[in-house]
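J.: sequence and predicted structure are below.
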Amino acid sequence: MYWYKNLPDQQIYQDLKSRDSASATIQRTFIEFLILAFLVLVAFILFSGFSYVDIRDQCFIKVRYDVLRGDRDSIIEALKVIKEEDYIFYRKFCANVNYIYEKRCTLGDDNSSKVEFIKTDGCYIKGSHAILIEPLDDRYYNKVDLRVEAIKKYGDLAIDYWYKEQL
């Protein structure tokens, strides 16, 4: 007579009540939070692999390094040293520089067939938010110090340029 009451595909009132209870809702919300936190952590790790990220001071600088001859770690370490030694410059630098390229500086137009490299430790592209730093070989034992000098030198040029533009 009531043979359909105990079928497994029919939900009874107790099942619906337990599914909508407060503890089940909290458990689902906690699991969703963990999944979201994991995804944010993975995104942060991937993003910081290509950039210098300092969340506390809101400093995000993309570091494009030379894959064959470059050293991204020395650039990151130099930025950390600058933050410890000269915090005011660091904040101005973060506000005015978005890219650090590790490549050689050139003279002349990009359209010309003749490219002439400049023997320097870096350069600033006027009107951009980017500085270029010369790639260093493994023979340099003081890479971080050389990077700090170059970043400060060309960072000052970027800060001066954008400060004058704001006036």
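T.: Sure thing, it's come through. Numbering: from 1, shown residues only.
J.: just the strands in this structure please.
T.: 51-54, 59-64, 99-102, 106-107, 116-117, 122-124, 130-133 (DSSP state E).
J.: let's have the ones you listed in TSV, adding distance to residue 161.
T.: For glycine as for every other residue, the C-beta is placed from the backbone atoms N, C-alpha and C. Converted to TSV, the strands of the chain look like this (distance: least, C-beta to C-beta, whole Å):
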stretch	distance to residue 161
strand 51-54	21
strand 59-64	17
strand 99-102	14
strand 106-107	19
strand 116-117	23
strand 122-124	8
strand 130-133	11
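J.: and stretch 76-92, how far apart are its ends?
T.: End-to-end span of stretch 76-92 (C-alpha to C-alpha, to the nearest Å): 17 Å.
J.: still on that earlier bit, looking at the strands of the chain, which one has the lowest mean pLDDT?
T.: Taking the mean pLDDT of each of these, the lowest value is held by strand 116-117, a mean of 68.
J.: make a markdown table out of the strands of the chain and add mean neighbour count and distance to residue 165.
T.: Formatted as a markdown table, the strands of the chain follow (neighbours: other C-beta atoms under 10 Å; distance: least, C-beta to C-beta, whole Å):
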| stretch | mean neighbour count | distance to residue 165 |
| --- | --- | --- |
| strand 51-54 | 16 | 24 |
| strand 59-64 | 18 | 20 |
| strand 99-102 | 21 | 18 |
| strand 106-107 | 12 | 25 |
| strand 116-117 | 10 | 29 |
| strand 122-124 | 22 | 14 |
| strand 130-133 | 24 | 15 |
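J.: next, count neighbours for the closest residue to residue 98 other than its chain neighbours.
T.: Residue nearest to residue 98 in three dimensions, not counting chain neighbours: residue 129, with 4.1 Å by C-beta to C-beta, 6 or more residues apart in numbering. Residue 129 has 16 neighbouring residues, counting by other C-beta atoms under 10 Å.
J.: any weak-confidence spans in this protein?
T.: Applying pLDDT under 70 to the chain flags the ranges 1-21, 108-116, 167.
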